[in-house]
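Novice: attaching a predicted model along with its sequence, questions to come.
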Amino acid sequence: MNADKSRVGLWISLAALTLSLVATVTSVYFSQASLRTSILPTLVFVYSVDSGWAVRNIGNGPAINVVLAVEPSSGSGWQSPTQLYPVPVAEQVWLPWVGHNPKRLGVTYTDAYNRTYTSICDNDLTVINGGERLPEWPRDAVKRVWERH
């Protein structure tokens, strides 16, 4: 009889330990996910008839190491790689050198933890992906934004 009670107590202890471990792992996972999204930059492209294209940060953190490229309407591949200044939350950078009718606009950027993202605007639709989706240009091929104005 005591052996049965001991076995039941052991199973209850193991169940409690298992639930505790699951709760801890779940808590750590969601804490990390919350931390990631609390500093996540999100760059999108916006258009104004008067001013043309701009890239705007609608995310929760600054976009740094921002490199923009244009695919002209002729469709001849990504061109004009340009290093932009960091884009703070709720700010935008106007892009007068891209013209009013590029085929596609693309931008790669990193968050504060150096995770890379890419936003590509094609047919007025912006798609955001993790990682680098644009070509990697040699540093001397990338102009600075002040060289484009």
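Specialist: Yep, that arrived.

Novice: select the longest helix from this protein.
Specialist: The single longest helix within the chain, with elements called by DSSP state H, is helix 2-38.

Novice: report the distance from that one to the chain centre.
Specialist: 33 Å (CA atoms, centre = their mean, to the nearest Å).

Novice: quick check: which element contains the nearest residue to V142 once chain neighbours are set aside?
Specialist: Closest residue in space to V142, ignoring its immediate chain neighbours: P81 at 4.5 Å, by CB to CB, 6 or more residues apart in numbering. For the C-beta atoms, the positions are set from N, CA and C on the backbone; glycine is no exception. Assigning secondary structure by DSSP states H and E places P81 in strand 79-83.

Novice: mean confidence score for the next helix or strand after that strand?
Specialist: Note on strand 79-83: by DSSP H and E, the next helix or strand toward the C-terminus is strand 92-94. The average pLDDT within strand 92-94 is 96.

Novice: quick check, W78 in contact with V107.
Specialist: No - in terms of CB atoms under 8 Å, W78 does not count as a neighbour of V107; the distance is 11.0 Å.

Novice: mutual contacts of those two, please.
Specialist: Residues touching both W78 and V107 (CB atoms under 8 Å, 6 or more residues apart in numbering) are A69, L134.

Novice: and those two? Which one has more around it.
Specialist: V107 (27 against 17; other CB atoms under 10 Å).

Novice: okay, the more buried one and Y29: tell me how far apart.
Specialist: For V107, the distance to Y29 equals 29 Å [CB to CB, to the nearest Å].

Novice: sorry, back to before: mind listing what's buried in the strand holding P81?
Specialist: Residues S80, P81, T82, Q83 are the ones in strand 79-83 that count as buried (16 or more other CB atoms under 10 Å).

Novice: now do stretch 94-102: everything it contacts.
Specialist: With contacts defined as CB under 8 Å, 6+ apart, stretch 94-102 is touched by 51-55, 68, 70-73, 80, 82, 105, 148-149.

Novice: next one: it to chain centre, how far?
Specialist: For stretch 94-102, the distance to the chain centre is 22 Å (CA atoms, centre = their mean).
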